[in-house]
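Chemist: prediction below, plus the sequence it came from.
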Amino acid sequence: MNNMSLVKVSVGIVVAAAATFIVNANEVLPKLGEVKNEVQEALPADDMPVKTFAQLLSQYDADKDGALSETELLSSDNEALKIAFKKLDANKDSSISKYEFTAFTGE
């Protein structure tokens, strides 16, 4: 008799899981582009993600040498770049070149 109620409980769980899946399968999810646009609109202009190395240079390259030194980035207010600097500086020369940036971002 205990085996019979275990089977009934197991069947009930499977039916409930299948019903949940069917109900949620019809849910319309937002497209990635829509979500990305909403996030960009919600962020202040200063927090907008950098899209190109040229944008980084125009904002942070104080000595205009075409590379971003660790000193230039540490004096900036961009915390994300400060954190990512060690990963971006592949050859460990304390500066980020366009080559290192594009190799990291894949662009």
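Modeler: Perfect, thanks for sending it.
Chemist: from here on, just use CA atoms for contacts and neighbour counts.
Modeler: Noted.
Chemist: ok, which stretches of the protein are helices?
Modeler: According to DSSP state H, the chain carries its helices in the segments 2-25, 32-42, 53-60, 70-74, 79-88, 98-105.
Chemist: can you redo those helices as CSV with mean neighbour count?
Modeler: Formatted as CSV, the helices of the chain follow (neighbours: other C-alpha atoms under 10 Å):
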stretch, mean neighbour count
helix 2-25, 11
helix 32-42, 11
helix 53-60, 16
helix 70-74, 17
helix 79-88, 15
helix 98-105, 14
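Chemist: can you list those in JSON lines and add mean pLDDT?
Modeler: Below are the helices of the chain laid out as JSON lines (pLDDT from 0 to 100):
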{"stretch": "helix 2-25", "mean pLDDT": "76"}
{"stretch": "helix 32-42", "mean pLDDT": "58"}
{"stretch": "helix 53-60", "mean pLDDT": "86"}
{"stretch": "helix 70-74", "mean pLDDT": "86"}
{"stretch": "helix 79-88", "mean pLDDT": "80"}
{"stretch": "helix 98-105", "mean pLDDT": "83"}
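Chemist: and the closest residue in space to residue 66 that isn't next to it in sequence, what does it touch?
Modeler: Using C-alpha to C-alpha, 6 or more residues apart in numbering and skipping residues adjacent in sequence, the residue nearest residue 66 is residue 57, 6.8 Å away. Applying C-alpha atoms under 8 Å, 6 or more residues apart in numbering, we find residue 57 in contact with 64, 66, 67, 68.
Chemist: skip the chain neighbours and tell me the closest residue to the first one.
Modeler: Put plainly, it is residue 64. Among residues not flanking residue 64 along the chain, residue 57 sits closest, at 7.7 Å (C-alpha to C-alpha, 6+ apart).
Chemist: the one you found and residue 16: what is the separation?
Modeler: In this view, residue 57 and residue 16 are 56 Å apart by C-alpha to C-alpha, to the nearest Å.
Chemist: can you check residue 69 too?
Modeler: From residue 69 to residue 16 the distance is 58 Å (C-alpha to C-alpha).
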